[in-house]
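Engineer: dropping a prediction and its sequence here:
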Amino acid sequence: MKKIVLSLAVIGGLVFTSCKKDAAQENLDNTLDSITNQVEDTLNVVKEEVADTVESLDAKIKEAEAELKNAVTVEEKQAATKKLNEAKAALATLKGEAISTAEEVKQEATNAVNKAGTAAKNTVKNAEKKVEKAKEEVNKEVISSKEDLKEISKKTIQDVKSGKKSIEKVN
């Protein structure tokens, strides 16, 4: 009987821990999905903005190249060269900003994932500690019950012996 109670308590603790781990895993999965979606959305917005701006700058570069090609005077060539250099510089700056933004998004996503992972690990550790504590309490209770049963058994044996002696005296 005691072994059954102890086994049930241990099994209950294991099931509890397993459920906590499953819940923690599910929460982690949901958090990671959320982070992934946010990263994808942010990068899509950046990509659209960059694509629009790149198209605009490409058009300016082509226009400046055409002006440079058609320029006759030194002033026209200087103006077209200046326009071309500005457009190329703006394109280089845009590419740098896009890369920087992507790196920032990556870093923020990595931090969020690490934070979610740590939270999930802590949840599991806390559940395991609670199960261990419950297991210890069950073990103490089983030991106490075992000692109580020994006492009851001793008393019963003494009572039986006393009763046997009383019966022998009567006979």
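Structural biologist: Thanks, I have it. Numbering: from 1, shown residues only.

Engineer: which other helices and strands contact the helix or strand hosting Ala89?
Structural biologist: Using DSSP states H and E, Ala89 falls within helix 74-170. Packing partners of helix 74-170 (3 or more CB pairs under 8 Å, 6 or more residues apart in numbering; DSSP states H and E): helix 2-70. C-betas here are computed from N, CA, C, even on glycine.

Engineer: thinking again about what came up before, rounded mean pLDDT for the helix holding Ala89, please.
Structural biologist: In this model, helix 74-170 carries a mean pLDDT of 81.

Engineer: and that helix, how far out from the chain's middle?
Structural biologist: Remark: helix 74-170 is offset 9 Å from the chain centroid, using CA atoms, centre = their mean, to the nearest Å.

Engineer: same deal with stretch 43-53?
Structural biologist: In terms of CA atoms, centre = their mean, the centre of stretch 43-53 is found 29 Å from the chain centre.

Engineer: so which residues make contact with that stretch?
Structural biologist: Leu94, Ala98, Thr101, Ala102, Val105 (CB atoms under 8 Å, 6 or more residues apart in numbering).

Engineer: kindly export it (C-alpha atoms) in CSV.
Structural biologist: The C-alpha coordinates for stretch 43-53 follow below in CSV (Å, rounded to 0.1, in the frame of the first residue of the first chain):
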residue,chain,number,x,y,z
LEU,A,43,12.3,43.3,-42.6
ASN,A,44,9.5,43.3,-45.3
VAL,A,45,8.8,47.0,-44.5
VAL,A,46,12.5,47.8,-44.7
LYS,A,47,12.8,45.9,-47.9
GLU,A,48,9.8,47.7,-49.5
GLU,A,49,11.2,51.1,-48.5
VAL,A,50,14.6,50.3,-49.7
ALA,A,51,13.3,48.9,-53.0
ASP,A,52,11.3,52.1,-53.6
THR,A,53,14.2,54.3,-52.8
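
Engineer: tell me which residues in it are buried?
Structural biologist: Leu43, Val46, Val50 (16 or more other CB atoms under 10 Å).

Engineer: now those in a markdown table, with distance to Thr156?
Structural biologist: Converted to a markdown table, those look like this (distance: CB to CB, whole Å):
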| residue | distance to Thr156 |
| --- | --- |
| Leu43 | 77 |
| Val46 | 82 |
| Val50 | 87 |
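
Engineer: and which of those residues is nearest Lys125?
Structural biologist: Of all the buried residues of stretch 43-53, Lys125 sits closest to Leu43, with 33.7 Å by CB to CB.

Engineer: and Lys83, what does it touch?
Structural biologist: Lys60, Glu63, Ala64, Glu67 are the contacts of Lys83 under CB under 8 Å, 6+ apart.

Engineer: chain neighbours aside, what residue packs nearest to the third one?
Structural biologist: The shortest distance from Ala64 to any non-neighbouring residue, by CB to CB, 6 or more residues apart in numbering, is to Leu84 (3.7 Å).
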